[in-house]
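**Q** only geometry, no sequence info:
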């Protein structure tokens, strides 16, 4: 009887271990299967339907080899209401100057309040750069004040020493 | 995302024909449309020129305006009225572009077999064969796998999956045309899924010409 119970216990243990192992590989399988499903079952209409609003514009552009944005704007500006003026690939803007962390700090340090204002305007109110500029201004102020104190200390020490 | 937006990757399945081995330059009419996450659109139309010897991808656009874009090495040059207008960094190296893969006949695996990506396995589903590619370590923080699907031995789709198992981007190539011995897709659909919204793109390529003997100047540009 005892042996029978031991055998049943071992069998039960094997079943539990097997099921756990199988459960792990099943989860991997389902993750892989879901990726395969993503790759194979895709409704292209999701992409085509995204452009239904500019069908008329596309027809005009396709049929006119030399038409530019300006030409279409003159012909019928309503076609371009949703269209970004800049082309797909090229940025028509040159690289604009903007203060980085170091230059913002220096700007505040050297030019004080004017420097802070410059950073605010050029960086469109970027709070982080504004903080850099303010710290620059404050640091320069501290340096100025402390340098005056040191100078006075040296001068007065000199006078006390030789008085 | 910078408004210069889409850099074009065009996939070509290599035909067995010997002629494909001798394709060294290509030109095509390009029409692209993009829908941005803010529901605005960008449209471009022009001609594409690429010669694998010059290694410059040249876009001669007419819409939205007349300008020429030259991709060479890691820089994008913009010309207006034959004058250099701007330069900016560019991630698309011509030798790693689909145009290059097309001419070299390396389209079958999207060029992944030429990189550090490792083929993990493949599965047949319906009429497609889907191959799983695992990225190298430095990409694994962003991409968990790339699934390349082929139909009738032609590249059909490329799906990139992020580390959470979500699809990052999907590219579908369709309407293949046999041109001088090469199968070239005339339409490419691209969907990119970002946190702030989706970007959809459709690229149409028509009137493809391979190995044009004349007009060398159109395939090269003094930079």
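**A** Alright, I've got the coordinates. None of these values were measured; they are calculated from a predicted model. Numbering: from 1, shown residues only, chains lettered A, B, ... in the order given.
**Q** just checking, residue B:116 touches residue B:133?
**A** No - Residue B:116 is beyond contact range of residue B:133, at 10.2 Å (criterion: CB atoms under 8 Å). To be clear about C-beta, it is placed using only N, CA and C from the backbone, and glycine gets the same treatment.
**Q** tell me which stretches of chain B form strands.
**A** Secondary structure of chain B (DSSP state E): strands located at B:25-35, B:41-51, B:56-63, B:67-72, B:75-80, B:83-89, B:118-125, B:128-134, B:143-151, B:154-162, B:167-179, B:182-194, B:197-210.
**Q** with mean neighbour count added, can I get the ones you listed in a markdown table?
**A** Converted to a markdown table, the strands of chain B look like this (neighbours: other CB atoms under 10 Å in any protein chain shown):
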| stretch | mean neighbour count |
| --- | --- |
| strand B:25-35 | 22 |
| strand B:41-51 | 22 |
| strand B:56-63 | 22 |
| strand B:67-72 | 22 |
| strand B:75-80 | 18 |
| strand B:83-89 | 13 |
| strand B:118-125 | 13 |
| strand B:128-134 | 19 |
| strand B:143-151 | 21 |
| strand B:154-162 | 21 |
| strand B:167-179 | 18 |
| strand B:182-194 | 20 |
| strand B:197-210 | 18 |
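**Q** looking at the ones you listed, which is closest to residue A:68?
**A** Judged by CB to CB, the one of the strands of chain B that comes nearest to residue A:68 is strand B:56-63, at 5.9 Å.
**Q** what's next to the closest one, contact-wise?
**A** A:61, A:65-69, A:87, A:89-90, B:30, B:43-50, B:67-72, B:92, B:94, B:97, B:99, B:218-221, B:223 (CB atoms under 8 Å, 6 or more residues apart in numbering or on different chains).
**Q** ok, residue B:174 - contacts?
**A** Residue B:174 neighbours (CB under 8 Å, 6+ apart): B:156, B:185, B:186, B:187, B:188, B:189.
**Q** again, 10 Å this time
**A** A:44, B:151, B:154, B:156, B:157, B:185, B:186, B:187, B:188, B:189 (CB atoms under 10 Å, 6 or more residues apart in numbering or on different chains).
**Q** of all the strands of chain B, which lies closest to residue A:82?
**A** strand B:41-51 (5.4 Å).
**Q** how far does that closest one sit from the chain's center?
**A** 12 Å (CA atoms, centre = their mean, to the nearest Å).
**Q** check the gap between residue B:83 and residue B:102 for me.
**A** 31 Å (CB to CB, to the nearest Å).
**Q** which of the contacts of residue B:174 sits closest to residue B:143?
**A** residue B:157 (15.7 Å).
**Q** wait, the closest one sits on residue B:125?
**A** No - Residue B:157 lies out of contact with residue B:125 (CB atoms under 10 Å); the separation is 11.7 Å.
**Q** give me the pLDDT value at the closest residue in space to residue B:180 that isn't next to it in sequence.
**A** Using CB to CB, 6 or more residues apart in numbering or on different chains and skipping the chain neighbours, the partner closest in space to residue B:180 is residue B:210 (4.8 Å). The per-residue pLDDT reported for residue B:210 equals 94.
**Q** residue B:210: what's it in contact with?
**A** Residue B:210 touches B:19-20, B:22-28, B:102-103, B:179-182, B:184, counting by CB under 10 Å, 6+ apart.
**Q** list the beta-bridge partners for it.
**A** residue B:26 (DSSP bridges).
**Q** in chain A, where is pLDDT below threshold?
**A** A:1-40, A:85-130, A:132-163 (pLDDT under 70).
**Q** per the record, what domains does it have?
**A** Domain assignment for chain A, taken from automatic domain parsing, gives A:2-42, A:43-94, A:101-162.
**Q** is stretch B:134-149 positioned near chain A?
**A** Yes - using CB under 10 Å from any CB of the partner chain, stretch B:134-149 reaches chain A at B:144, B:145, B:146, B:147, B:148, B:149.
**Q** could you do stretch B:64-77 as well?
**A** Yes - applying CB under 10 Å from any CB, one finds stretch B:64-77 touching chain A at B:64, B:65, B:66, B:67, B:68, B:69, B:71, B:76, B:77.
**Q** the spatially closest residue to the last one that is not a sequence neighbour: what's it in contact with?
**A** Spelled out, that is residue B:77. Take residue B:77 and drop its neighbours on the chain: the residue closest to it by CB to CB, 6+ apart is residue B:70, 4.4 Å away. Contact analysis of residue B:70 by CB under 10 Å, 6+ apart lists B:49, B:56-60, B:76-79, B:84, B:87, B:90, B:94, B:220-223.
**Q** residues contacting residue A:81?
**A** Going by CB under 10 Å, 6+ apart, the list of residues near residue A:81 reads A:53, A:54, A:57, B:40, B:41.
**Q** repeat for residue B:135
**A** Taking CB under 10 Å, 6+ apart as the test, what residue B:135 contacts is B:112, B:115, B:116, B:117, B:118, B:141, B:142, B:143, B:144, B:145, B:146, B:160.
**Q** now, which of those sits nearest chain A?
**A** residue B:145 (6.6 Å; CB to the nearest CB).
**Q** verify the stated contact: the closest one with residue B:165.
**A** Yes - counting by CB under 10 Å, residue B:165 is a contact partner of residue B:145 at 9.2 Å.
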